[in-house]
Structure formats: structure tokens, C-alpha cells
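Novice: only the shape, not the letters, is given here:
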Ligand SMILES: [Zn+2]
Ligand SMILES: [Zn+2]
């Protein structure tokens, strides 16, 4: 499944070469029929995050203060961790914990 | 938004905006839990700030107002919204951008670029004041002299004065800052944790320093950080930089606690502010007296203001002077363990605010 992932607000610093936009191919997670945000987060954690994963993940969700948008829509409206993803979705992660 | 998203297939369970009933909801408002569309979000976001300004009489027509502009998300959104509201509702304000250049290599380059872009985009005159001009020390020089541990103390104290001095240069009547509801809730908690009664009672005021030369106000007092981040200015996300010199674990901890509370119950942020507003200070609690610094004339409860104490330490090669660590006080690693509210006369060298954002 092709996804476009964007990281901002300092989260890009946790990734290789601080790249903000990642076009990725995410395989289906074990036991999942449809890809969900929960599966994507654990994929991002093991495949993209290079340092300080605790700045991004807390428990099995994002750290509070990290905003998630799926196709420009607040992920809280799409089901949060259970939100189902589809091919060509754009998922944006922005940390609100820095900068004023 | 930063994303030019391709049209997404409609999701099962996607709801309509509760305000217009026409468009698809794109955001859950933390304050009200309402699900609204992007178009309605602009309207309610800007209207609430307008209401805050009107209900609290923040401005008078004809005033010169400096917007403390860091290049970060809050002040960038504030500059935009305030200049829009000023035109839309005829506030009659003369608005300026006021930026501080701390002299941190690589840090302000981008944010000063953002501020310069804002100057052009919003047509607001910009004044940049540097630490080098004001104190003859850049933050890089200070870090060289003291290391990374206590530099936020310097940054915060110096920044606060720099804004006031820059504002005086611009001859403005008022300073506005981008402090948002999350910032204020965090400050309430930190002041409780520190037992800093004087600041606790002051930190929820929407306008402070009305007795001083230049009052400051916070039009975003009731505005959630989440909404400021979502407020869609195209280039805003590039400018969200964290201070490379400020890991500041203590502040981070309180902020994370606030975000944890918000996730469980979004109203918690407003409720903390309300609690802060409603604290009654017992009349037997001694409050520090306000005076002015003997050396520079800045408002200070001590003989010398914090900036002058810190500068003296730097210039005498004793940079720890003014950081406030005393062997007897049993202070923590921060050296900020004294109870300032109760013993104002004894803590001449101790500091109240540890970080620029807390010191308001
Ligand atoms: Zn609507
Ligand atoms: Zn002074």
C-alpha cells in the first residue's frame, strides 16, 4: 500500500536526514485485514524513526501533543488508532510541543 | 495545510460539520468536542479571538501595538490573525512586529526569515533587537561561558527585557504575545509546583504590567495549541523550530502532563486556567514588593533586576552568579528550590522563571 507520510514540528529530526516527506510502501500488518493507523505507527517506529522514538510514540499511540491528520482530516474523527488506511492516503504528523 | 492531498475516498463514519451541516467535518475542537469543517473552523477560530479582544477591552483605537514575533507558530498565527481582525473590525491599531535576535548560530536564521516574510506578507513594520546590542553578549557567547546547563535562565530573563526595551524603542503602547491556553495552563501548574504565589496570581491575567511602562496582553489566552497548529497558513510548519539550546526537562514534563490530560479530557486545559484564576491568596501571605532596578531602571522586586545580576556574573567571569544555587537551600538540580513567595527578602539571587515562556 502506497502512503505519503509527512513529519513536522520537529518530528522530522527523528528521521534519517531529517526528511519531512516520505513516500512509502507499507505491507499489511500481521493479522490485519485492512491497514490501520495502529499498524502504521508500529511500522513507522521500526522503519523510519532513527532516534528518540519516545518523542513520537507513547504506548501504542503517538505521544500526546503530536497531531495526526489523515488526508487533511483530524485523525480523531477517523477513528484514531483504529482508522483504516487506503492506498494513496496522506498522513501528516506534527509535534506541537516545540516552538512558540 | 501543507499537504496537497489527492481527493480521498469518503470514509465510512465520516460526519458532517455540526455548524453548517453541509461540509464534511475535518476537526474535532478540543474546547467543545464539536466536529466542524475547515471553513467553519476559520470562522469560529477568528471570531473567538475577536470576542476575547472585545470582551477584555484589550485595545483602544489609535494604540501602537508590538507583536512579539519569534517566527514560531504562535506568534506567526497571532500576527496574521491580529492584522486581519484589525482591518475587519476597525480596531484602529498601529501594529508592529518585534523580534529578538539572541545570537544563537543557526537558530534564528530561519525564524528571522519567517518574520521578515511576515513583514512583507502582512505589511507590518519589523524591528529586530539583538542581545549583542542590548547586553553586549550573544547567547553563543553566554553558552561558551557557562555551558548548556543554565542557559535557559539567561535566555528567558534577557528575552523578557529585550521585548520591553525593543517596545520602548518603537514607542508602542502595548505588547501582545502568542501565549496560548496550553502555555497558560502549564504555567499555572508550574507555579503551583514551585509555590510561587505571586506568579500564580498573575499568570492567568490576560493583561499584565498595567502599572509598568508597557502592558502586555495575550489574545490567545483561551486558544488551544492544537487549533493554532491546525490553523492553515501554508508555510507555517517549516518555521516550527525548537530552541536548540533548551532541552529543559522540567518544562517538558509539565507540558507532557498537560497533553496527557488533554487526551483524556480536552476541557482540562481551560479548567486549569479557571482554577488559576480563582485562587484566593490569603491576606497573610507576603507578596514581593515591586520596585525598579538600581542599575537599569527595569521593574524588579530586588535591588538589581535579574538581567543585571546575570550580566554582572558574566562580566566578572562568575557566570553562576544569579542562577540561585545555594548550598544550604537544598535546591534541586535547577537551583530553584527556594520558596520565593514566602521569603522575598532572602532570595535576592534566586530566579523565578526558568524559561522565557514561563516568565510572563
Ligand atoms: Zn461547517
Ligand atoms: Zn537592571
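Specialist: Nice, I can see it. Every value quoted in this text rests on a predicted model; they were computed, and no experiment measured them. Ligands and ions are numbered 1, 2, ... in the order given.

Novice: report the contact partners of the residue lying closest to residue A:16 once chain neighbours are set aside.
Specialist: Closest residue to residue A:16 apart from its sequence neighbours, by Cβ to Cβ, 6 or more residues apart in numbering or on different chains: residue A:50 at 5.3 Å. Heads up, the C-betas are built off the backbone N, CA and C, glycines and all. Residue A:50 makes contact with A:14-16, according to Cβ atoms under 8 Å, 6 or more residues apart in numbering or on different chains.

Novice: using TSV, lay out these together with distance to residue B:185.
Specialist: Below are the contacts of residue A:50 laid out as TSV (distance: Cβ to Cβ, whole Å):
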residue	distance to residue B:185
A:14	26
A:15	30
A:16	35
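
Novice: grab the nearest non-local neighbour of residue A:32.
Specialist: Using Cβ to Cβ, 6+ apart, the closest residue to residue A:32 is residue A:39 (5.4 Å).

Novice: distance of the one you found from residue B:62?
Specialist: For residue A:39, the distance to residue B:62 (Cβ to Cβ, to the nearest Å) stands at 58 Å.

Novice: cool, and residue B:18?
Specialist: From residue B:18 across to residue B:62, the span is 39 Å (Cβ to Cβ).

Novice: which of residue A:39 and residue B:62 has more neighbours?
Specialist: Shown here are residue A:39 and residue B:62; by other Cβ atoms under 10 Å in any protein chain shown, residue A:39 has more neighbours (20 against 10).

Novice: looking only at pLDDT, what's the mean for the longest helix belonging to chain A?
Specialist: Counting by DSSP state H, the longest helix found in chain A is helix A:37-47. Taken as a whole, helix A:37-47 has an average pLDDT of 92.

Novice: what about the strands in chain B?
Specialist: For chain B, applying DSSP state E gives strands covering B:27-28, B:35-36, B:64-68, B:94-101, B:126-130, B:174-176, B:207-208, B:216-217, B:291-292, B:299-300.

Novice: wait, residue B:135 touches residue B:311, no?
Specialist: Yes. Between residue B:135 and residue B:311 there is a contact at 6.0 Å, judged by Cβ atoms under 8 Å.

Novice: pLDDT wise, what is the most centrally placed residue in chain B at?
Specialist: Residue closest to the mean C-alpha point of chain B, counted by Cα atoms, centre = their mean, is residue B:179 at 3.8 Å. Here the pLDDT value assigned to residue B:179 is 94.

Novice: check the gap between it and residue B:190 for me.
Specialist: Residue B:179 sits at a distance of 13 Å from residue B:190 (criterion: Cβ to Cβ).

Novice: and residue B:92, how many residues sit next to it?
Specialist: Neighbourhood size, residue B:92 [other Cβ under 10 Å]: 11.

Novice: what is the neighbour count of the residue nearest to it when sequence neighbours are not counted?
Specialist: With sequence-adjacent residues excluded and distances taken as Cβ to Cβ, 6+ apart, residue B:92 is closest to residue B:61, at 3.5 Å. Counted with other Cβ under 10 Å, residues neighbouring residue B:61 total 8.

Novice: wait, residue B:61 touches residue B:86, no?
Specialist: No. Using Cβ under 8 Å, residue B:61 is not in contact with residue B:86, being 10.4 Å away.

Novice: mutual contacts of those two, please.
Specialist: Shared between the contact lists of residue B:61 and residue B:86 (criterion: Cβ under 8 Å, 6+ apart) are residues B:92-93.

Novice: give me the mean pLDDT for stretch B:129-137.
Specialist: On average, the pLDDT along stretch B:129-137 is 86.

Novice: follow-up on the earlier one: if any of the contacts of residue A:50 are buried, put those into a ChimeraX selection.
Specialist: The buried residues among the contacts of residue A:50 can be selected in ChimeraX (16 or more other Cβ atoms under 10 Å in any protein chain shown) with this line:
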select /A:14,15
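
Novice: looking at the contacts of residue A:50, which is nearest chain B?
Specialist: Taking Cβ to the nearest Cβ as the measure, chain B lies nearest residue A:14 of those, at 12.0 Å.

Novice: isn't that closest one up against residue A:52?
Specialist: Yes. Using Cβ under 8 Å, residue A:14 is in contact with residue A:52, at 5.7 Å.

Novice: chain B contacts on chain A?
Specialist: Within chain A, the positions near chain B by Cβ under 8 Å from any Cβ of the partner chain are A:4, A:6, A:8-10, A:63-65, A:67, A:69-74, A:76-79, A:83-84, A:86, A:88-90, A:92, A:94-100.

Novice: where do the helices sit along chain B?
Specialist: Assigned by DSSP H, chain B shows helices spanning B:38-55, B:73-88, B:108-122, B:131-135, B:139-146, B:151-169, B:181-194, B:197-202, B:225-230, B:249-264, B:268-278, B:306-315.

Novice: again but with chain A, I slipped
Specialist: Taking DSSP H as the test, the helices found in chain A are A:37-47, A:75-78.

Novice: can you give me the buried ones in the longest one?
Specialist: In other words, helix A:37-47. Of the residues in helix A:37-47, A:37-41, A:43-44 count as buried by neighbour count, 16+ other Cβ under 10 Å.

Novice: what is it packed up against?
Specialist: Judged by 3 or more Cβ pairs under 8 Å, 6 or more residues apart in numbering or on different chains; DSSP states H and E, helix A:37-47 is in contact with strand A:61-62.

Novice: same question, the last one
Specialist: With contacts defined as 3+ Cβ pairs under 8 Å, 6+ apart, helix A:75-78 has these neighbours: strand A:66-70, strand B:27-28.

Novice: nearest to ligand 2, of these?
Specialist: Closest approach to ligand 2 among the helices and strands packed on helix A:75-78 (Cβ to the ion): strand A:66-70, 40.3 Å.

Novice: tell me the strands beside the closest one, with direction?
Specialist: strand A:73-74 (antiparallel), strand A:89-95 (antiparallel) (DSSP bridges).

Novice: right, and those strands - which one's nearest ligand 1?
Specialist: Among the strands paired with strand A:66-70, the nearest to ligand 1 by Cβ to the ion is strand A:73-74 (13.2 Å).

Novice: what's the burial count for the closest residue to residue B:169 other than its chain neighbours?
Specialist: Excluding the flanking residues, the one nearest residue B:169 by Cβ to Cβ, 6+ apart is residue B:127, at 6.6 Å. Applying other Cβ under 10 Å, we find 17 residues neighbouring residue B:127.

Novice: list the contacts of residue B:127.
Specialist: By Cβ under 8 Å, 6+ apart, the contact set of residue B:127 is B:66, B:96-99, B:166, B:169-170.

Novice: tell me the most buried of the helices and strands packed on helix A:75-78?
Specialist: Sort the helices and strands packed on helix A:75-78 by mean neighbour count, taking mean count of other Cβ atoms under 10 Å in any protein chain shown, and strand A:66-70 sits at the top with a mean of 22.

Novice: what residues does that strand touch?
Specialist: Contacts to strand A:66-70, defined as Cβ under 8 Å, 6+ apart, come from residues A:9, A:11, A:37, A:56, A:62, A:74-75, A:78, A:83, A:85, A:89-97, B:1, B:3, B:8, B:226, B:229-230.
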